[in-house]
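K.L.:
model this:
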Amino acid sequence: MGGVLPKQAIDTLPNIYLVGPMGAGKTTVGRHLAEILGREFIDSDHEIETKTGASIPWIFEKEGELGFRQREKQVLEELTQLNNVVLATGGGAVTQQENRQVLRTSGVVVYLFAPVEIQLQRTYRDKNRPLLQVDYPEKRLQELLEMRDPLYKAVAHYIVDTHSGAARDLAYQILSNILENPQT
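P.N.:
Predicted structure coming up:
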């Protein structure tokens, strides 16, 4: 589904929220999706850093994961009030029931799935991911996926496998799914 999308179809789409594990492509695919739709793209992790003036690793170090999740919840409550946005959430955003509720009820949620091997390839050099600063990041990614996969599936209106295909093509695939199979 490349090319020009009907403006009327685009105008009627609700906000689109991308959930999934680290390295699934939420930010990359989200940017393409927003560009195609002519919408604002927002990354919730970047928004948290902007609002706090601190990096996510610093927040984790000083406030722990619990403190970070509280900040994340507040930012998601604010961002889901906006209109005509594509929002990439942090990998752990779905761990809080309140976040799943606000995402599911205020827009279309797309779970971007990537197997652990792909997640590891895409994240192994990124020092801005506090949960991966461990001796065995692959094991950690596997644990996180086992814990969070049911939550991603529960909140999602659509699931898209991102382990192969160009980000722009995946963005068009998401749009095609939403336009051809409306869920909300």
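K.L.:
give me the below-cutoff pLDDT ranges for the chain.
P.N.:
Low-confidence segments of the chain, defined by pLDDT under 70: 1-9, 122, 124-135, 183-184.
K.L.:
same thing but at 50, please
P.N.:
Applying pLDDT under 50 to the chain flags residues 1-2.
K.L.:
what sits against residue 159?
P.N.:
110-111, 113, 152-153 (CB atoms under 8 Å, 6 or more residues apart in numbering). (Each C-beta comes from the backbone N, C-alpha and C, glycine too.)
K.L.:
shouldn't it be within a strand?
P.N.:
Yes - Residue 159 forms part of a strand when assessed by DSSP: H, G, I helix; E, B strand; the rest coil.
K.L.:
give me the beta-bridge partners of it?
P.N.:
residue 111 (DSSP bridges).
K.L.:
quick one: list the elements packing against the helix or strand hosting residue 101.
P.N.:
Assigned by DSSP states H and E, residue 101 belongs to helix 97-106. Counting contacts by 3 or more CB pairs under 8 Å, 6 or more residues apart in numbering; DSSP states H and E, helix 97-106 packs against helix 56-79, helix 137-155.
K.L.:
with distance to residue 99 and mean neighbour count added, can I get the ones you listed in CSV?
P.N.:
Listed next are the helices and strands packed on helix 97-106 as CSV, based on distance: least, CB to CB, whole Å; neighbours: other CB atoms under 10 Å:
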stretch, distance to residue 99, mean neighbour count
helix 56-79, 5, 16
helix 137-155, 8, 16
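K.L.:
dump the ones you listed to TSV, plus distance to residue 19.
P.N.:
Formatted as TSV, the helices and strands packed on helix 97-106 follow (distance: least, CB to CB, whole Å):
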stretch	distance to residue 19
helix 56-79	11
helix 137-155	5
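K.L.:
relative to residue 104, which of the ones you listed is closest?
P.N.:
Minimum separation from residue 104 across the helices and strands packed on helix 97-106 (CB to CB) falls at helix 137-155, 5.2 Å.
K.L.:
what angle separates that closest one from helix 97-106?
P.N.:
With axes from the mean of the first three to the mean of the last three CA atoms, to 10 degrees defining the directions, helix 137-155 sits at 50 degrees from helix 97-106.
K.L.:
tell me the buried residues in stretch 31-42?
P.N.:
Residues of stretch 31-42 classed as buried by neighbour count (16 or more other CB atoms under 10 Å): 31-34, 36-37, 39, 41-42.
K.L.:
among those residues, which two are most distant?
P.N.:
Pairwise over the buried residues of stretch 31-42, using CB to CB, the maximum falls at 36 and 42, 15.7 Å.
K.L.:
tell me the buried residues in the helix holding residue 101?
P.N.:
The neighbour-count check on helix 97-106 (16+ other CB under 10 Å) flags 99-100, 102-104, 106 as buried.
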